[in-house]
Structure formats: C-alpha cells, structure tokens
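Asker: Quick one, what's the 3D model for this:
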Amino acid sequence: MALEEIGADYTMVDIDKTNKPEWFEELYQRANPLPGVRPKVPLLHVTNPEQEIVLCESTVIAEYVATMATSGAGHQEEKQAHFWPTNPSERAKLRLFVELCGSSFGSYLAFRRVQDMQQVETQYTILMQKMKEVDAFLVASATSVSDASDTRFTLAEAHVAPFVQRCCGILPPPYDPISIANQLQLVRLQSWIQGILQRDSVVATAPLEEIKDKREKLIKRLARIRDRQQE
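Answerer: All right, here's what the predicted structure looks like:
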C-alpha cells in the first residue's frame with residue numbers, strides 16, 4: 001500500500017501461503033535471521049546497482065518505503081510530505097496513533113472465533129469501545145486523512161488501512177465499524193473510515209476475494225449460533 005501511495009514502480013508476486021516456494025523461504029531467511037521462524041508475507045526485495053535489500057514485517061517495509069521515496073513536484077510532493085513528514089514530532093504523532101489504535105480494527109479476528117451470542121455481544125462491546133477511542137484520537141489530531149481526495153493520508157493510515165478494510169468488509173451490520181460509528185454518532189471516525197476505504201492505494205491493494213470468503217463464513221457462523229440459541 002505504501003508503494004502505491006508514493007507511486008513507486010514495483011512488481012507484486014502472489015505467494016501461496018500453503019505451499020510457499022523455496023526461493024521465497026530463502027529470501028525470508030535473509031530478511032529474518034531468527035532460527036526456526038515461519039516465512040510469511042509481506043516481503044520486500046529491492047535490487048539496484050548499489051545494493052540488494054530484503055525486508056520483512058509490514059511496519060518495517062512501509063517505513064522504509066516512505067523514507068526512501070523520492071519527492072516529485074506539486075501535488076505528489078505535497079502528498080509525500082504528509083505521508084511521512086520530516087519533522088520528528090509529526091513522525092512521533094503518527095507512531096503514537098499506530099501504537100495506541102493500530103490493533104483496534106483487528107477485532108474481526110475475535111469475531112471469527114465466537115461460540116455463542118454472549119461471546120458475540122462481548123466482542124461487539126469491546127469493538128464499540130475501541131471505536132470510541134480511535135474517534136477520540138482522530139478528533140484531537142490534525143494529521144489524519146479526512147476524505148479520499150485529501151493529501152493528508154499518512155503512513156499511520158497505511159499501517160492500519162488493511163485492518164480497517166478487513167474489519168469493515170468481514171463484519172456484517174451491526175457489528176462493523178461503520179455501523180458502530182453511525183450508531184454512536186462518531187462523525188470523525190465515520191469520515192476517516194470512508195476516506196480510507198475510498199483511497200486509490202487502498203482499493204488497488206484490496207484482497208477482495210479473501211474478504212468476501214471470510215465475510216460469508218462469518219455470516220454463516222453467526223446464523224448457526226442464533227439458530228442454536230432459538231432451539
């Protein structure tokens with residue numbers, strides 16, 4: 001997503017998670033020297049006349065890409081200035097958002113493991129509280145994106161966007177973040193989520209089939225839970 005956002009020239013290679021090719025595992029071992037580690041995506045492989053670089057972990061890759069990006073002119077230069085600002089205090093604010101709110105949209109994973117309606121309601125309550133917290137941060141911050149055309153899309157948004165996308169796409173109403181934002185009247189959060197979901201770089205990298213498959217499975221799971229409760 002960071003590569004898309006800065007307009008970099010790159011090639012994406014899809015990796016079968018159940019049957020990873022040998023070349024991928026070898027590259028991953030170069031990026032992560034820990035013994036016995038399980039190779040996983042994403043993995044960035046940069047080759048140029050000066051050096052060859054192999055990096056793993058999405059946050060490390062995104063920050064590297066943002067730091068190494070060459071500025072263009074006009075609108076592109078403005079976008080990159082906001083995406084990863086040179087001011088240390090502004091960078092610290094973006095890191096703080098990721099630290100405090102980065103995991104808030106990972107709640108869809110817990111929904112996929114629920115066994116009964118009590119667990120569903122528990123996860124729903126937890127997600128509502130997390131959405132309130134994200135909204136509070138956004139209201140207090142002037143660095144985040146406000147709509148899809150805004151130039152203030154930052155590296156912090158790029159970090160959390162895949163989780164926002166999955167959380168909104170996999171969770172059905174009323175459990176999804178957009179429904180929660182509407183219900184609780186979290187106007188800033190609602191605008192921020194819509195801006196992320198409509199962003200070109202987010203749309204271009206969306207795993208639509210994966211999201212669709214997991215949404216259908218979750219809907220069926222919730223239906224079975226409701227049926228058992230009514231028996």
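Asker: Any idea which helix or strand in the protein has the lowest mean pLDDT?
Answerer: Within the chain, no helix or strand scores below helix 75-83, which has a mean of 60 by mean pLDDT, DSSP states H and E.
Asker: immediately after it, which helix or strand?
Answerer: helix 88-101 (DSSP states H and E).
Asker: Tell me which helix or strand comes right after that next one.
Answerer: helix 108-111.
Asker: Show me what that following helix is packed against.
Answerer: helix 117-140, helix 155-170, helix 208-230 (3 or more CB pairs under 8 Å, 6 or more residues apart in numbering; DSSP states H and E). Any C-beta I mention is one placed from the backbone N, CA and C, and that applies to glycine too.
Asker: The residue nearest the centre of the chain - nearest residue in space that isn't next to it in sequence?
Answerer: Nearest to the mean C-alpha position of the chain, by CA atoms, centre = their mean, lies Pro162 at 2.5 Å. Take Pro162 and drop its neighbours on the chain: the residue closest to it by CB to CB, 6 or more residues apart in numbering is Met1, 6.9 Å away.
Asker: Let me know the pLDDT of that neighbour.
Answerer: Looking at Met1, its pLDDT reads 83.
Asker: what about it, how many residues close to it?
Answerer: 24 (other CB atoms under 10 Å).
Asker: what's the answer for Arg224, then?
Answerer: By other CB under 10 Å, neighbour count at Arg224 equals 10.
Asker: hang on, the earlier thing: so who does the residue nearest to Pro162 touch?
Answerer: Met1 makes contacts with Ala62, Ala158, Ala161, Pro162, Ser201, Val202, Thr205, as judged by CB atoms under 8 Å, 6 or more residues apart in numbering.
Asker: If we only consider those residues, which is nearest to Tyr108?
Answerer: Pro162 (11.3 Å; CB to CB).
Asker: where's the closest one relative to Leu34, distance?
Answerer: 24 Å (CB to CB, to the nearest Å).
Asker: Please name the residues that touch the residue nearest to Asp116 when sequence neighbours are not counted.
Answerer: In space, and not counting its chain neighbours, Asp116 is closest to Ile225: 6.0 Å by CB to CB, 6+ apart. Ile225 makes contact with Val114, Gln115, Asp116, Met117, Val120 under the criterion CB under 8 Å, 6+ apart.
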